[in-house]
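Undergrad: what shape does this take:
(chains A and B)
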Number of protein chains: 2
Amino acid sequence: MVGPNYREVEVGEIATLAVERPLRLDCGVEIRSFPLAFQTYGTLNADKSNAILVCHGLTGDQYAASQHPVTGKPGWWEVLIGPGKVMDTERYFVIATNVIGGCMGSFGPKEINPATGKAYGLDFPVITVGDMVKAQALLVEALGISKLFSVIGGSMGGMQVLEWLARYPERLCSAMPIAAAARYSAQNIAFDEIGRQAIMADPDWRDGMYLEQKAFPSRGLAVARMTAHVTYLSEEALHRKFGRELQDKEQVTYGFGADFRIESYLRHQGAAFVERFDANSYLYITRAMDYFDIAQTHGGGNLSRAFKPSDTQICVVSFSSDWLFPTRQSQELVRALNAVAANVSFVEVNTDKGHDAFLLDVPEFFATVRGFLEGVTRKRRVA
Amino acid sequence: MVGPNYREVEVGEIATLAVERPLRLDCGVEIRSFPLAFQTYGTLNADKSNAILVCHGLTGDQYAASQHPVTGKPGWWEVLIGPGKVMDTERYFVIATNVIGGCMGSFGPKEINPATGKAYGLDFPVITVGDMVKAQALLVEALGISKLFSVIGGSMGGMQVLEWLARYPERLCSAMPIAAAARYSAQNIAFDEIGRQAIMADPDWRDGMYLEQKAFPSRGLAVARMTAHVTYLSEEALHRKFGRELQDKEQVTYGFGADFRIESYLRHQGAAFVERFDANSYLYITRAMDYFDIAQTHGGGNLSRAFKPSDTQICVVSFSSDWLFPTRQSQELVRALNAVAANVSFVEVNTDKGHDAFLLDVPEFFATVRGFLEGVTRKRRVA
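TA: Residues are numbered from 1 along each chain as shown, chains lettered A, B, ... in the order given. Just a heads-up that it's a prediction; the model follows:
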């Protein structure tokens, strides 16, 4: 496929976008011929009406439904995407990108800066969730798709869905923001800042130039991951999974080893994460989330005004035990969408699994996504 | 005052305890002639019946109602303790100790190990909340007080109150555990472990021997403090205090400086903390809390059995917006105390200030403490 502003794009590769015209980032920097890594699952139909864009959270990537090349693990949404699954790849053409700022092949701080021949590091421009979506829109155009059947994502993926709704409602049949909010809260920013401080406190961060200097701030990045990970789980889920159980021992050791299973689990989460993620990407992507405030960006401070009237079918989803993006924030979104007569429904999924529930095997959640996609399919046929 | 097992003790100094008989710590180590730093406020009456022991949280100390010698700030409970205040020093004799494991003069990892002539560092034994209380009990004995009018504390201070109730109910007229729980939860342990990992990841921690090597893990300790601090505040309080307000600027900078007031606040909290607290003390005291499980320690797994029948008047206090030690955990305590026919009442204070509410100007909380102390005074006069 060839378009005016990108090189030829094949599915499941790295697209080069903004070739003819630069993409202007929110910070003011213009970028040209930048890479966007993506994977697709299923087949685009003849009238290009069956494409679903899935948007990943902070640490996700384009490997939504295929083995991760670094970890060897299944895709982060493989529970949902595949033949016969909720996002049935025998019916839908699923597109998953790696956001800009990421570290799996898209334009990000670990890519080589053509101006210097070295990794960007902190010379990488600060990006926003809006910039991520603008880049995705270029890819969707490059694939020749004028209207997406749906755009779906959880957490930061849900914020991308909201940006799509605010920027390009005419390009969406439907949209499902999951476990998200119209703006990042002070508490959300606080946890991000802790993660960034942990990374930047690590001497091996080398003021962001660690790749250059063959170092890596593993310890700081692990602490950042551990902190974030605790916020993704509910207190109930932690209690159910770990409680005060000891790790491979009968009694406490009166020492600083991992006496408790929760400690061992967190250490493992930290250690595994640093094998697959770039520390500077972590800084840039968390910063993009901090800046997320859709009322401010698109509505002059008024959330309803951020959304133009459209026919897009919207389903807002929250999880009852998510304390990072609590249900009341989703309800605020729904009220604002109602105030512009949007086709919006709302589901609070009952689960004790916390924020991360959108990545887990939660039947009520699966049924919600399946029902929504089938409903949109039927409604479109009738129309 | 002179007792059999301690040197002469004057108020407001450092007592030397366990001089004649060693104190056996829960880890099995016996300690002798150890220092316990304390301050007192008010005057002990003739029959020694007006003493209130106040117990501090993780980062508190003996300067409950007097200027802190390092920071120059008012005492951490100066809002509550003083002439005419809730804990009226014209009526009560208030004792505040620095827990063992602490860093303000009590037996702790930064004290000199007589065996080596160097700071203990990681040679310091792992202590428990029970050990803290056993040390306090020696001090109370040394002061010649056979029965405390009350023992009161919030957070880890509340855990100490529960240890007092489980160990020495006959030595207490009354007890008020505030913002505490019968056991440390998986989530509580998780946040502690993040703090410890941040400290131990700092190369300047030097495997715990930083004092020896004239270093200090400031960056790691600051990250630990920032993480803990966020857990002390409610999402509502963070929103009210900071929201998404920017720090001394009109718009975001597209950089990693402190754009948001919450970031600036957290950085300040981290920086101020490392000026006054010892990193190894942070490790040891958080570990003591991790190990806190009063049903396990005193009741063979049964919480009611942890408490002996007694006449102690108990008031359990929780804060509605405390997500670190939520109200339901206080209710669990009350149910267990009811099951042994304890004189127990329960107050959930309505506030959006989160866990830290016990340190703040919360009129409903002040009224609760004042009412309880006056009630106990009246009841005792009648008896």
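Undergrad: which strands or helices does the biggest helix by length in chain A pack on?
TA: When chain A is scanned for its longest helix (criterion: DSSP state H), the result is helix A:363-382. Packing partners of helix A:363-382 (3 or more CB pairs under 8 Å, 6 or more residues apart in numbering or on different chains; DSSP states H and E): strand A:150-154, strand A:174-178, strand A:313-319, strand A:343-349. Glycine gets a C-beta too; all of them are placed from N, C-alpha and C.
Undergrad: quick check: mean pLDDT across it?
TA: Mean pLDDT, helix A:363-382: 94.
Undergrad: can you check stretch A:164-183 too?
TA: 98.
Undergrad: and what of stretch A:47-56?
TA: On average, stretch A:47-56 scores 97.
Undergrad: which other residues reach that stretch?
TA: A:42, A:44, A:62, A:64, A:76-77, A:81, A:87, A:91-99, A:132, A:136, A:140, A:143-153, A:156-158, A:160-161, A:164, A:173, A:373 (CB atoms under 8 Å, 6 or more residues apart in numbering or on different chains).
Undergrad: just stretch A:79-96 next, same as before
TA: Under CB under 8 Å, 6+ apart, the answer for stretch A:79-96 is A:38-45, A:50-54, A:56, A:61-65, A:75, A:77, A:139-140, A:143, A:149, A:152, A:359-361, A:366, A:369-370, A:373.
Undergrad: mind listing what's buried along it?
TA: Applying a neighbour-count criterion of 16 or more other CB atoms under 10 Å in any protein chain shown, one finds A:79-82, A:85-89, A:91-96 buried in stretch A:79-96.
Undergrad: quick one: distance of that stretch to the chain centre.
TA: Put simply, stretch A:79-96 sits 18 Å off its chain's centre (CA atoms, centre = their mean, to the nearest Å).
Undergrad: average pLDDT for it, rounded please.
TA: Mean predicted confidence for stretch A:79-96 is 97.
Undergrad: render the CA-only coordinates of it in PDB, please.
TA: Extracted in PDB, the C-alpha atoms of stretch A:79-96 (Å, rounded to 0.1, in the frame of the first residue of the first chain):
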ATOM      1  CA  VAL A  79      -6.600 -13.900  26.000                       C
ATOM      2  CA  LEU A  80      -8.800 -11.600  23.900                       C
ATOM      3  CA  ILE A  81      -7.500 -11.700  20.400                       C
ATOM      4  CA  GLY A  82      -7.400 -14.800  18.100                       C
ATOM      5  CA  PRO A  83      -9.500 -17.100  16.100                       C
ATOM      6  CA  GLY A  84     -12.800 -17.600  17.800                       C
ATOM      7  CA  LYS A  85     -11.800 -15.400  20.700                       C
ATOM      8  CA  VAL A  86     -13.600 -12.200  21.800                       C
ATOM      9  CA  MET A  87     -11.700 -10.200  19.100                       C
ATOM     10  CA  ASP A  88     -12.200 -12.900  16.600                       C
ATOM     11  CA  THR A  89      -9.400 -12.700  14.000                       C
ATOM     12  CA  GLU A  90     -11.600 -14.700  11.600                       C
ATOM     13  CA  ARG A  91     -13.900 -11.700  11.500                       C
ATOM     14  CA  TYR A  92     -11.700  -8.700  12.500                       C
ATOM     15  CA  PHE A  93      -8.400  -7.300  11.300                       C
ATOM     16  CA  VAL A  94      -6.700  -6.400  14.500                       C
ATOM     17  CA  ILE A  95      -3.900  -3.700  14.400                       C
ATOM     18  CA  ALA A  96      -1.600  -3.200  17.300                       C
END
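Undergrad: rewinding a little: which one of the helices and strands packed on helix A:363-382 lies nearest to chain B?
TA: Chain B lies closest to strand A:313-319 among the helices and strands packed on helix A:363-382, at 14.8 Å (CB to the nearest CB).
Undergrad: contacts for stretch A:238-252?
TA: Against stretch A:238-252 from outside (CB under 8 Å, 6+ apart): A:230, A:233, A:258-265, A:352, B:183-187, B:189-190, B:291, B:293, B:296.
Undergrad: what about that stretch, start to end distance?
TA: 19 Å (CA to CA, to the nearest Å).
Undergrad: list the buried residues in it.
TA: Across stretch A:238-252, burial judged by 16+ other CB under 10 Å covers A:238, A:239, A:242, A:244, A:252.
Undergrad: save these as TSV, and put in pLDDT too.
TA: Below are the buried residues of stretch A:238-252 laid out as TSV (pLDDT from 0 to 100):
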residue	pLDDT
A:238	96
A:239	95
A:242	96
A:244	96
A:252	95
